[in-house]
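>>> model this:
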Amino acid sequence: MRIVAGKWKGRTLLSPSGPVRPTAEELRDAWLTPLQAELDGARVLDLFAGSGALGLEALSRGARYADFVENHPSALHALKANVATFRLKERTRIFKQDAIAFARRLPETRFDVAFADPPYHSREAELLVEQWKQVPFARVLGVEHAADHRLPRGTATIRVGDQMVTIYRVRVGASMSAVPDR
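Okay, here's the model as predicted:
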């Protein structure tokens, strides 16, 4: 597994052992490339972070800070090793917590961009989207899921093989609210 683009393009990431499923390089690229404008100088959140590939990819592409939330031991080991390898301790924070519980405590628009890669075919993706709709803790939320797992409609979807990302955005205006696809 490698960083796909940006200043660390081609650098290798340590992958966790066990039942953790890292986001494939092709999907990461298809997910982050359309978000490039939002990533420049952004504060990003990587929920269900695993190795941290999404947050590290965002930092490689110009994000300023990244917070990672993960509670699986082997994933935490890989995540900490990757942050250390890239010498990013000053620009990152790692939280050993349940991602849904963490998201429930966030204020509105705390982050510019949030990534979430919950276990496929679990209810955690729906729970996270519901929480975001109540309190949109990031201006942009992308949730990875299996292509046959339908989530509430977002503003965009990206499909690579049997994997999909649904993107949600807040509308800036009189009130910050979630915007569904038109």
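
>>> Residue 80 contacts residue 94, doesn't it?
Yes: with contact defined as C-beta atoms under 8 Å, residue 80 reaches residue 94; the gap is 6.4 Å. The way it works is simple: take the backbone N, C-alpha and C, and place the C-beta from them, glycine included.

>>> Counting neighbours, what do you get for residue 38?
19 (other C-beta atoms under 10 Å).

>>> Who are the contact partners of it?
For residue 38, the contact set (C-beta atoms under 8 Å, 6 or more residues apart in numbering) comprises 112-113, 139-140.

>>> Can you name the helix or strand that it falls in?
helix 36-39 (DSSP states H and E).

>>> How far does stretch 156-168 sit from its chain's centre?
13 Å (C-alpha atoms, centre = their mean, to the nearest Å).

>>> which residues are contacting that stretch?
Counting by C-beta under 8 Å, 6+ apart, 23-24, 26-27, 30-31, 34-35, 129, 132-133, 136, 140-149, 151-155, 178-179, 181 sit against stretch 156-168.

>>> Mind doing that once more with 6 Å?
26-27, 30-31, 141-145, 147, 151, 154-155 (C-beta atoms under 6 Å, 6 or more residues apart in numbering).

>>> cool, stretch 70-82 as well?
13-14, 16-18, 20, 49-52, 68, 96-98.

>>> Give me the buried positions along it.
Neighbour-count burial for stretch 70-82, counted by 16 or more other C-beta atoms under 10 Å, picks out 70, 72, 74-76, 78-80, 82.

>>> Can you tell me which of the contacts of residue 38 has the most neighbours?
Using other C-beta under 10 Å as the neighbour test, the contacts of residue 38 are led by residue 113, with 24 neighbours.

>>> SS state for it?
Assigned with DSSP: H, G, I helix; E, B strand; the rest coil, residue 113 falls in the strand class.

>>> Quick check: bridge partners of it?
Beta-bridge partners recorded for residue 113 (DSSP bridges): residue 44, residue 140.

>>> how much space is there between it and residue 73?
The gap separating residue 113 from residue 73 is 27 Å, by C-beta to C-beta, to the nearest Å.

>>> Scan this structure for its longest helix.
helix 73-85 (DSSP state H).

>>> can I have it written out in CSV, keeping just the CAs?
Written as CSV, here are the backbone C-alpha positions of helix 73-85 (Å, rounded to 0.1, in the frame of the first residue of the first chain):
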residue,chain,number,x,y,z
PRO,A,73,-4.9,-2.7,18.2
SER,A,74,-3.1,-3.8,15.0
ALA,A,75,-4.5,-0.8,13.1
LEU,A,76,-3.4,1.6,15.8
HIS,A,77,0.1,0.1,15.7
ALA,A,78,0.3,0.6,11.9
LEU,A,79,-1.2,4.1,12.2
LYS,A,80,1.3,5.3,14.8
ALA,A,81,4.1,3.8,12.8
ASN,A,82,3.0,5.6,9.6
VAL,A,83,2.6,8.9,11.4
ALA,A,84,6.1,8.5,12.8
THR,A,85,7.6,7.5,9.5
